[in-house]
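need the 3D shape of this:
(chains A and B)
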Amino acid sequence: MALADYRDDMMSCVRCSSCKWVPFNQMRSSRFAKNCPSICRHNFHSYSGSGRINMGLSLLENRSELTEKVSEIVYSCQMCGACDTHCKVYREVIDINDVLLELRARCVEEGELMVEHMVVMDALKRDNNMLGEPKAERGAWAEGLELKDVNTEHADVMFHAGCRFAYDRELWGAARGAVQLLQAAGLDVGIAGAEESCCGGRAFELGYRGEAVNFFDDMQARVKSSGATMLVTPCADGYAAFKYLYPLAGVELPVEVMHVSQVFERMVATGRLVPKRDLGLKVTWHDPCHLGRMGEPFLGGWAGDKRDRLRSQSRTGRRGVYDAPRETLGAIPGVELVEMERIRQYSWCCGAGGGVIDAFPEYAAWTAAERLEEAASTGAEALVTACPWCERMFADAARETGSAMRVFDLSELMLESCLPSEKEVVE
Amino acid sequence: MISEDAYSELEQAVGPENVTREPAMLDSYSWQPFLNMSESLWVIRPAAVALPASTEEVQEIVRACNRNGLKFKAISTGWGAHNGPSCEDVVLIDLRRMDRIVEIDEDNMFAVVEPYVCGGELQAECWKRGLNTHIVGAGPHASPLAAATSMHGCGNDSISMSTSSRNVLGVEWVLPSGEVVRLGSPGSGDGWFSGDGPGPSLRGIMRGTSGAFGGFGVFTKVALKLYHWPGPETIEGEGMVLDSTGELPGCMRLFNCAFPTEKDSVEAMYGIGEAEIGCIQVRMVTSELTLLMTPHLFPKLVRKGPAILKLLNEAMPNPFVLLLAGNSPGELDYQVKVLHEIVRACNGVAMDTGHVGPARKLMGMNLLRCTVFPTVFRFGNMFATNLDGNEATDTQNAWAHTMEKDKAGYIRDGGLIDDGGENPYMITYENNLFGHCETVYLYDHRNPRHRDTLEPLAFDTTLAAIEQCNVPLAAFDPITRKIMSPLAGDFNEWQKRISAAFDDNGVSDTGLYTDEKDPDYSRIAPEKIERLHALQKKYRGQAPSASPSASIDTIDDRGNAGSSAGEVDDA
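A predicted model of the protein is given here:
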């Protein structure tokens, strides 16, 4: 696909600005009425979903040129999909997020790149991860867990930690906890350790198509050779890549792909995991964009007039993962879930996505702080989510803003409730 | 092209990060295909866009425009071609950063808002306080400030909350000179509760009947009248708008009414107005209501053929939807009884559809928050309306039927999407004595054949309006204005005088306020041109223009108007 293939999508924008707000029927306050971090931060229409595709049409019609400023605007977007989702509330003929992907690919083609993203891409090529950490240390997070090595052994479940969980030591507890819970549920789990590489999703989102597809192919080969029947990841970014970007690029994974929250729900429902300990905690749930609306599976391409496209073939975000984590939280004794105003398909982003965490860290931090304020407005003591990028953003924002909000991964709460603590084991 | 000096002054006014002249960014403001009859669908690219955060910054921008020979135009939520510049060298003032609900005065029932507050968020805040605000038909994403100061602003709820033009109280207004005038009570430092004093009353000058569409300074704050809300603090919904379900509050009942004749239907509307019942009333045909309840399926059915539309509309002739809301079960029962009595007397039926699955689940928020409007785009990618004025309800109803016949001709010729012809959106207000009707037509703006239809259809609209003694609301359009002004007291001559009196340097973009333009007569049937000329001769003969010079001088140095203000308003 190319930008020109989305000409009709871009022409269909009537500039109604729905893409800037939460769905109007769900609007409950002025404070949390807006949905797009980018236009909230930068204010020019160009920074909205509508504005970006208006600029795309301008470029396509040679009315304007792809300059450094335009590239900066294209990349000042978390690719969170909120604009796309609200647009689809009314109409299904504009795939805003796909247009945004094409704009980024065009930036790469024309060499209008962000320096910070070039650093990320160099790290990816050199060490197979986005954080620039040594490739050999990728499996360090799992030391002592006695997990199978899918490179040499068969395991039913291949666990893909993802770059952030693999290298962000503060988050290792969540990744380790997730695997321990899967083991406790009796699943046969293995990891690729140092051989695990980035899913490639972020590279695709940054517009580096060729490099991304190399990672896609690598992942596909590893999954095939492992013989696993299920691919489980605790990373929402990875989940969305496997579910949407891989098939979009024509790469199929021959296994069931699940986010760890979905496995928890299934294990709890079948009695293979039993949360016992009362945690006595009032929490609110943050829907990661890439687990929710952006985690909706790829529904196939559409070549004709999109007015004829069936609802079932249109990406609306409704098939994202929303209930599994809520069901899981609901099963933990003493956990009271209080919802924020912007949830599910119209959740506010954490700020990290689309390479914003790399290129515009202040803007990313502001976006996360906004979400923490919304979380605090519910009266919750803790914000729970299931994406390492979100957790990193929120933990940092809480520290920087002095927020008392505690940040947990769903796995951490499940671990604490389901399994005996180390102290209990000793006793 | 904006000069370096001028651009530098804009940067000083709002900070370099809040002004742009980057072509692609400017083009994101130029793409305005809605209500756009031009071939390119792009409106004129602004010279620059500036984002002020305060009234003082707006003043600085306006003064910079005065100093540098630039024009300016302000936009808020900015939906439609009328939000773009009408000429070159216009600085677009995007008011997005001015987005505060300054105050909600519960005791005195008004809200003070800035330009970028949208109707949906204001309503959400009002409901929490047992109050409600009028939402314009354009939808909850539109700016209540823009509707109140610069446009007409009718909506589903006009039966109970009138129109935006009637809800405007105090106003803060940056004049084309850069001076600030506070209209009504804020002008005397007495709060925001009144638009007509104590303090200067310039409402007629400021907005007249239809507003200046951004051609007359910048409005930076407005106080809006609020109303009692008998419903809950929030209506809990699940899902998104088209999928969302939300139970109709227990204090409300929804009725679909139908009548054997147009006269019966209008009589019922008058009766309802006289009885002062009703929270929402909209005249929509049954096919439109079906769209609201099956928004995914219905447009696809229509694209296969409009027979189903005709069938539905014939089954429920001359209909309207009425939502009743009561403060108590007793009051609600009373309203229901009154409704049944009126409908019975008018030979109609009133079906209580508020308990029927799809209606119960979907209609409440769609009507109360007016969330449904963008669904109309689902048929053809674009729609427009014959914008008529605001006249007696029966006159508006009759006009709508005329336009349906006119529209049908264009549909037959392939110039519009076939929606069966009948597709009105009509609301009533002020005890239902007045109506506002827009006949909706559907088209695909990517189709040149459809685009070629727009100007002749607009001409027909104007012609039909004159023949039925209406003043089209579309008189903001330069073509319609040029035709209409001589027939209606030379209103545009007055507007030009007012504009000149307040705008020495001509810095406001007056394209939709006072500009005039001839239609492309080559596209109009000669018979229709002859009809227009005959009407012009007839009405100009009966109503010679008043001299604009007589009373304009009564505007004093402080901007206070004499008797001329009322005349302009009436015009």
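
and the pLDDT at A:Phe216?
Note on A:Phe216: pLDDT of 98.

ditto for A:Glu146
Value for A:Glu146, per-residue pLDDT: 90.

how much space between it and A:Met414?
As judged by CB to CB, to the nearest Å, A:Glu146 and A:Met414 stand 20 Å apart. All C-beta spots, glycine's among them, are computed from the backbone N, C-alpha and C.

between these two, which has more neighbouring residues?
Using other CB atoms under 10 Å in any protein chain shown, the more surrounded residue of A:Glu146 and A:Met414 is A:Met414, with 29 against 7.

a strand runs through that one, doesn't it?
No: the assignment for A:Met414, made by DSSP: H, G, I helix; E, B strand; the rest coil, is helix rather than a strand.

give me the element the residue in the stretch 401-550 of chain B that chain A sits nearest to is part of.
Here the residue of the stretch 401-550 of chain B nearest chain A is B:Arg446; by CB to the nearest CB that distance is 5.8 Å. Following DSSP states H and E, one finds B:Arg446 outside all helices and strands.

give me the number of residues near it?
Neighbours of B:Arg446 (other CB under 10 Å): 17.

start and end of stretch B:467-481, how far apart?
Length of stretch B:467-481, first residue to last, CA to CA, to the nearest Å: 16 Å.

taking the mean pLDDT, what do you get for that stretch?
Stretch B:467-481 comes out with an average pLDDT of 77.

now do stretch B:443-451
Regarding stretch B:443-451, the rounded mean pLDDT is 90.

got the buried residues for it?
Across stretch B:443-451, burial judged by 16 or more other CB atoms under 10 Å in any protein chain shown covers B:Tyr443, B:Asp444, B:His445, B:Arg446, B:Asn447, B:His450, B:Arg451.

per-residue pLDDT, residue 300?
Reading this off chain A. 91.

wrong chain, I was asking about chain B
At B:Lys300, the model reports a pLDDT of 72.

hmm, it is touching A:Asp308, no?
Yes: using CB atoms under 8 Å, B:Lys300 is in contact with A:Asp308, at 7.0 Å.

so between those two, which is more surrounded?
Each of B:Lys300 and A:Asp308 has its neighbours counted (other CB under 10 Å); B:Lys300 has more, 16 against 12.

pull the contacting residues for the closest residue to A:Arg104 other than its chain neighbours.
Leaving aside its sequence neighbours, A:Arg104 sits nearest to A:Gly207 (CB to CB, 6 or more residues apart in numbering or on different chains; 3.3 Å). By CB atoms under 8 Å, 6 or more residues apart in numbering or on different chains, the contact set of A:Gly207 is A:Leu101, A:Leu103, A:Arg104, A:Ala105, A:Arg106, A:Cys107, A:Val108, A:Glu109.

which of the residues you listed lies closest to chain B?
Nearest to chain B among those, with distances taken as CB to the nearest CB, is A:Leu103, at 10.7 Å.

where does the closest one fall, secondary structure wise?
Per DSSP H and E: helix A:96-109 holds A:Leu103.

before we move on, what about A:Gly210?
Going by DSSP H and E, A:Gly210 is part of helix A:209-226.

ok but B:Leu145 is inside a strand, no?
No: secondary structure of B:Leu145 (three-state DSSP): helix, not part of a strand.

that older thread, buried residues in the helix holding A:Gly210?
A:209, A:211-216, A:218-220, A:222-223, A:226.

between those residues, which is closest to A:Arg15?
A:Arg15 lies nearest to A:Arg209 out of the buried residues of helix A:209-226, by CB to CB, at 29.2 Å.

how close does the nearest residue to the closest one once chain neighbours are set aside get to B:Thr461?
Nearest non-adjacent residue to A:Arg209, counting by CB to CB, 6+ apart: A:Ala105, 5.5 Å away. To B:Thr461, A:Ala105 is 45 Å away according to CB to CB.

okay, these two: which has more neighbours?
The neighbour count for A:Ala105 versus B:Thr461, taken as other CB under 10 Å, is higher for B:Thr461 (25 against 20).

element containing the more buried one?
Under the assignment here (DSSP H and E), B:Thr461 is part of helix B:448-467.

which other helices and strands does whichever helix or strand comes after that helix contact?
Using DSSP H and E, the helix or strand that directly follows helix B:448-467 along the chain is helix B:478-484. Applying 3 or more CB pairs under 8 Å, 6 or more residues apart in numbering or on different chains; DSSP states H and E, one finds that helix B:478-484 contacts helix B:448-467, helix B:491-502.
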